[in-house]
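# with the input below, show me the fold.
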Amino acid sequence: MKNLNLLTIGSKPAPGQLLVIQGLVNTFNVESGEDEIGTRELLKAWLVCHGLMRSDADVTSQDLRTALSLREALRHLLLANNGQTVEPASIRQINTLTSRLKLDIHFKPDASLSLSPGSDGFDGVCEQILALIVQAVNDGTWYRLKACHESNCRWVFYDASKNHSGRWCSMTVCGSRDKARAFRKRRSGQKWKNEGR
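Alright, predicted model coming up:
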């Protein structure tokens, strides 16, 4: 895996290979609408740059659609890691994708196991991503990878807090927005009560 763009990661990077998942989901900026992998060429460049695909491989239009769907399904799973309800459509979408993938399981001399892609092409890329997620679930880091609670953001961050209570990618930006909105709501409710007397 090559170095990920720190702008794609932000100030709360995930450890190890989980950084790839964080970087993939953060290729789309919900707030600005910028998409780092919005074309076949951009997707291929990103995958090659991050060691997920060989430079001589092709990316089809279907591969692009699959990548964009996978990215958003992962974002929804990461919202679930932040206490939000996962949309059933996202679960169906990711389960449909994973049902056709093959991961080869290999035991090592120390009795640990490794997962490796069983396919070539873009399915192999998806299998690498799935293997990273399985590894993160097993080592306990998956549940600390979260999508920001702020609805206008959804940036993926790694919650390194001791009690796993992080809700926002940035307390100073998204946390402040959320708290200001809650304050305005409480204040307008109080104003309504006072006027109703």
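# what comes into contact with the host helix or strand of residue 131?
According to DSSP states H and E, residue 131 maps onto helix 121-139. Residues outside helix 121-139 that contact it (CB atoms under 8 Å, 6 or more residues apart in numbering): 17-18, 20-21, 24, 47, 52-53, 57-60, 63, 66-67, 70, 97-98, 100-103, 115-119, 142-143, 145. Glycine gets a C-beta too; all of them are placed from N, C-alpha and C.
# narrow those residues to those in helices?
Counting by DSSP state H, the contacts of helix 121-139 place 18, 20, 21, 24, 47, 63, 66, 67, 70, 97, 98 in helices.
# how close does the residue nearest to the first one when sequence neighbours are not counted sit to residue 129?
When you say that, I think you mean residue 18. Excluding the flanking residues, the one nearest residue 18 by CB to CB, 6 or more residues apart in numbering is residue 136, at 4.8 Å. For residue 136, the distance to residue 129 equals 11 Å [CB to CB, to the nearest Å].
# show the model's pLDDT score for the residue nearest to residue 18.
As predicted, residue 136 sits at a pLDDT of 95.
# now do residue 85 against residue 95, distance only.
17 Å.
# whoops, residue 68 was the one
In terms of CB to CB, residue 68 sits 17 Å off from residue 95.
# please identify the buried residues of stretch 116-134?
Buried residues in stretch 116-134, counting neighbours by 16 or more other CB atoms under 10 Å, are found at 117, 119, 122-133.
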